[in-house]
Every structure is written in structure tokens, then in C-alpha cells.
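**Student:** just the structure for this:
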Amino acid sequence: MNLPSTLEKRDWIAGLERGVSIIEAFDGAHPRMTAAEAGQRTGMTRTAARRYLLTLQHMGYVAGDGKLFWLTPRVLRLGQSYLESARLPRIVQPFLQRIAAGTHENAYLAVLDDDEVVYIARNGPNRNMNTGYVLGARVPAQVTAAGMLMLAMRSDEQVQHWLATRKPTIFTPHTIASKEAMLQEVVRIRAQDWALSEQQLDLNSRGIAVPLRDRHGAVAAALNITMPMGQENSRDAVARVLPVLRETAQAMRDLI
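**Tutor:** Residues are numbered from 1 along each chain as shown. Coordinates of the predicted model:
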């Protein structure tokens, strides 16, 4: 692992980094793993991975049957600690309520974490839950309005590096599959300062997003709405919800 330039080597705790990597190794494709499998996914030996797994089991974050290990609900405490302590989700909640009331759609606050969008606050009616995201959901940035918006707001060098080092994943026939098309979308989003994503991840899902900027103009997150396809065309959907999103983002600017 390359140490961050702002962290002195003497301050780096390797064991903490490895323990976190063990937790992060579990996912939808690997819900249960042996120590050998966990070691393979984290670059550790079987013996080292087993020690970390047994320690995490002792702490209550992992359970096991003697061969396989899996995460326990206690892991959710880590994410809940962020949601309860972070300032931004608390500030945005009444504004998301305003968006939901004004559009009758699910409204979200999303941030970018590497290649994924993370939804850290939400408000809206339950009728659209089939096209919405649960709190804390992580989704590939390339297939969401919020993700493409925040990627587009990066510098040219950062965008080019991102495109050069990632292979787009295809989820539907409408997913942007080529880097050239993705770059064109980035240019379009930058010019209009908002993003529209339709049927990129799910054939029944549409998303519209605007940047949430702080008082200095830096993009802190994205405000976005998700809605089902088919109830109205793209132009009508944008005309209905974009002004509400923009007005709310502007009202929040001095609070971030």
C-alpha cells in the first residue's frame, strides 16, 4: 500500500489497515469466506488473515463456523457512527424534505468515494422505493446522475486518469459503454451544470442531479432525485424537478 503523502511512516498502523481490509473484502460475491480466501483477497497469508478474522470475531464484527467467516450486523455500527457524527447529512435533511415535498419524488444527498456513489441522506415517499436507494447504498458512479456529475466536476487531468484506469461495466443496453461516449457526457454535464441518467443501471430508473457547492464554490456533494421511467418523458421530468434541485442547492450554499 502506498502511504498518503500527508501521513508520516511512524504514524501508520499497518495492523489497522489490514483489519479494515479484511472487513472490506466481504461483498455480494464473497459473503462467506475461508481464511485462505480472505487472505487471497487482501494479499495476506492464510495464517495472518485467520488471526485478523478471529480477532474481529472476538470483537463481534465477524462470525464463523470453524471454516467459513461472515460479517455480523455489528459492522453497521461503523457506518452509523459516520451518519450520526457527520455534519453534512444532518444539515441537508430539512432541505431534502423540501425537495421531496416539491417534487413528490425521492431526494438524496450523495458523495463520491473512489469509483462509487454513496447515499448518505434521503427523504421521500415510499411509493418509489423500487427505483430508489437505501441509506448508505453504494452504486458505481458511472451509472448514476450524481456520480457522473461529481466525476465531471473534477479537473481534466483527474477525468482523463479516471477514464484511462477504469473499464466501464455494462448493466443495461443503455449503459454508456465506451470511454469516448463517457467523455462526451462529462463535457455536456460540465457545460449545463447538472446531470441526467436514464436506464444506466436499471431499465426503470431515471436520476437527475445538481452539484451542492460550499461557500467557496467547491463541490461538496450532489443533490439528486430518482424516479421511475415511463410516467413522463425526459424533458418534462427535468422541467419539473431541476428548478427545485437548483433552488435548494443555492439555498444551502452558505451553510456548507
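**Student:** measure Pro140 to Met148 for me?
**Tutor:** Between Pro140 and Met148 the distance, using CB to CB, to the nearest Å, works out to 10 Å. The way it works is simple: take the backbone N, C-alpha and C, and place the C-beta from them, glycine included.
**Student:** so if I had to pick from these two, which one is more boxed in?
**Tutor:** When neighbours are counted by other CB atoms under 10 Å, Met148 comes out ahead of the other of Pro140 and Met148, with 26 against 17.
**Student:** wait, doesn't that one sit right on Val139?
**Tutor:** No. Using CB atoms under 8 Å, Met148 is not in contact with Val139; the gap is 11.4 Å.
**Student:** and Trp194, how many neighbours does it have?
**Tutor:** Using other CB under 10 Å, Trp194 is surrounded by 22 other residues.
**Student:** which non-adjacent residue is nearest Pro31?
**Tutor:** Closest residue in space to Pro31, ignoring its immediate chain neighbours: Trp70 at 6.0 Å, by CB to CB, 6 or more residues apart in numbering.
**Student:** A strand includes that neighbour, no?
**Tutor:** Yes. Residue state for Trp70 (DSSP: H, G, I helix; E, B strand; the rest coil) corresponds to a strand.
**Student:** which residue ranges form the helices in the stretch 151-256 of the chain?
**Tutor:** 156-165, 179-192, 234-252 (DSSP state H, counting those that start in this stretch).
**Student:** and Arg90, which of those is closest to it?
**Tutor:** helix 234-252 (12.4 Å; CB to CB).
**Student:** just the buried residues of that closest one, please?
**Tutor:** Under the neighbour-count criterion of 16 or more other CB atoms under 10 Å, helix 234-252 has Ala237, Val238, Arg240, Val241, Leu242, Val244, Leu245, Thr248, Ala249, Met252 buried.
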